[in-house]
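Visitor: missing the sequence, but the structure's below:
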C-alpha cells in the first residue's frame, strides 16, 4: 500500500495520534489519498512510522467518527466518499447495508493496561448508525420538543419494547406493563421501589450475585440476605429457610448468571417459583444479556402474579444511552409507573424516540448478531489459552468464570494480574462482605481493545496461572 503521503512525518509537536490524524486529512485534501483508497493495517503503519499500534488506531477512529474514513469488518480502513452516508455490504447478505465504524472503537494502546473488569461492547457500526438515527430524530422528533413526557406519548416506545422482548418467553405481555428506565440498573431500582414496603424490608440474593442488586437494596435501606447456590442456581430448600416470613423480593440472573455463567434449568425455575408462592415474596429477573431462543421459561411466565423482569440495550447496542425497561406482572404496572413518574417524570422524549427507532429498525438485529459474533471470537481466543483450566462460559456471551488452580488465592491473583497490566474481577466483588468466596475471577471479553492486546493480556494471565506463588500452600 502506498504510504508516500507519510514520508517525512514527524511527531515532535502534540499528541502523536492527532499529528497522524492531521497528516491523513491533509493527504486526502491534497489528493494523495483518493476516495476508496485503502489505508495500511494498524500494525503495518505503526511499524513504518515507529509508533504504537494504539496511536494509529486512535487516529483512524477519530477520522472514522468524522466520516473521513470508513472501516469495514474483515476488509480494512478506506478513504470515505463524503458526498453521502457511508455504507458497506454485510459479508453474508449482499442486500444488507449498515453504517460502518472501526472495530473495535476507542481502544487502548498496544501493550498497555487491559481491563477485563466489565464487558466492552465492540463497535460494529453502532456509532455511525446511531448518529444517523439521531440526525433524523433531531430534524423531526416524533414526540416533539416542548412538553413533558406523558404516558400517551410513550405508547410507541412501549410498543417497540414489546417487539424487542418478543422472544424473551415472558408470557402474556401488554405494553402497559412496560416502564422505560435509564438503563438496567435504574430498572432494578424502580422494581424495588414498586415492591418493597416497611422500614427494613428484606431482599434475597444469590450468594454470588450482581453487585447492583445489593447497591439498590441498600439504597432503599433493605436488609440483603444471600442464599446458598449449587450448579443449577439458588438451592430451593436454602431459599425457603432464608425467606421465612420477612422476605419481600428475590433477585436473580437465571439466563446468564452473573458472575458464574451458569444457566438455571427449567425444573429449578419451577421449584423456586413454588417457594416464592409458599413464602409470598416477589421475584426480580434481570436478563442483563438477552440471549434469544433459549427454550426456557422466564419467571414472569412461570409465576406471573409475582414476577418482574428487567433488561436493557446496553450490552448489545450501546451502554452510553442508558436505555432500559422494567416489566411488571400482568396488569400490575401502576406502582412501577408511579416510581418512574415520581422519580424523574419519565425518560426524555427525544430518548424515547431514539429507543423506538433502535428497537424497531431491522438493522439493529443484524448489529446485535455482529456484536455476539465478536464476543464469540474473543471467547475462542481466550479458551485457546485458558481452556485447560476450570472455565465456565455460555455461547456468544461477554463473560467467563475462571476458578483458580491450587496455589492461588483470589486476592493475590488479582493483585498479580494488575501488576502485569490486566485488571480482572474478583469473586469477592460479587459476595457479601463477610461471606467466604471461591478462589475465582470473572473475565470480561473486552472488545474495546485490539485483539492483539486482548490476547497478550490472556497470555499474561496464563503465565500467572502456570506459576502460582510458592508462599501459598498447595
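Guide: Done, it's in. Note that the structure is a prediction, hence the values are computed from the model and not measured.
Visitor: can you give me the helices for the stretch 151-300 of the chain?
Guide: For the stretch 151-300 of the chain, the helices defined by DSSP state H, counting those that start in this stretch cover 155-164, 183-195, 211-219, 236-243, 266-279, 299-302.
Visitor: Please convert the ones you listed to CSV, extending it with mean neighbour count.
Guide: Heads up, the C-betas are built off the backbone N, CA and C, glycines and all. Shown next, in CSV, are those (neighbours: other CB atoms under 10 Å):
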stretch, mean neighbour count
helix 155-164, 20
helix 183-195, 24
helix 211-219, 18
helix 236-243, 18
helix 266-279, 17
helix 299-302, 23
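Visitor: To residue 424, which of these lies closest?
Guide: Nearest to residue 424 among those is helix 211-219 (15.1 Å), distances taken as CB to CB.
Visitor: what's the average pLDDT for the closest one?
Guide: Along helix 211-219, the predicted confidence averages to a pLDDT of 96.
Visitor: That one packs against which elements?
Guide: If contacts are counted by 3 or more CB pairs under 8 Å, 6 or more residues apart in numbering; DSSP states H and E, helix 211-219 sits against helix 183-195, strand 202-206, strand 223-227.
Visitor: For residue 300, give its distance to residue 336.
Guide: 13 Å (CB to CB, to the nearest Å).
Visitor: Would you mind listing the residues touching both of the two?
Guide: residue 308 (CB atoms under 8 Å, 6 or more residues apart in numbering).
Visitor: before we move on, back to that, just put the helices of the stretch 151-300 of the chain in a markdown table and tack on distance to residue 139.
Guide: Shown next, in a markdown table, are those (distance: least, CB to CB, whole Å):
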| stretch | distance to residue 139 |
| --- | --- |
| helix 155-164 | 18 |
| helix 183-195 | 26 |
| helix 211-219 | 36 |
| helix 236-243 | 52 |
| helix 266-279 | 46 |
| helix 299-302 | 38 |
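Visitor: Out of the helices and strands in the protein, which is least certain?
Guide: Of the helices and strands making up the chain, the lowest-confidence element is strand 93-99, at a mean of 35, by mean pLDDT, DSSP states H and E.
Visitor: Next secondary structure element downstream of it?
Guide: Counting by DSSP states H and E, the next helix or strand C-terminal to strand 93-99 is strand 114-115.
Visitor: Neighbouring strands - and their directions - for that next one?
Guide: With DSSP bridges as the criterion, the sheet partners recorded for strand 114-115 are strand 422-423 (parallel).
Visitor: how far is the following helix or strand past the partner strand from where the chain is centred?
Guide: Scanning the chain past strand 422-423 towards its C-terminal end, the next helix or strand to appear is strand 425-426 (assignment: DSSP H and E). Averaging C-alpha coordinates over strand 425-426 and over its chain gives two centres that are 17 Å apart (CA atoms, centre = their mean, to the nearest Å).
Visitor: going forward can the numbers begin at 29, since that is how I track them
Guide: Got it, first residue is 29 now, which makes that one strand 453-454.
Visitor: Check which helices and strands strand 453-454 is in contact with.
Guide: Using 3+ CB pairs under 8 Å, 6+ apart, strand 453-454 sits against helix 438-447, strand 468-472.
Visitor: could you give the mean pLDDT of the shortest one?
Guide: Read it as strand 468-472. Strand 468-472 comes out with an average pLDDT of 97.
Visitor: for the first one, same thing?
Guide: Helix 438-447 shows a mean pLDDT of 94 in the predicted model.
Visitor: Give me the angle between it and strand 468-472.
Guide: Between the direction of helix 438-447 and that of strand 468-472, the angle (axes from the mean of the first three to the mean of the last three CA atoms, to 10 degrees) works out to 40 degrees.
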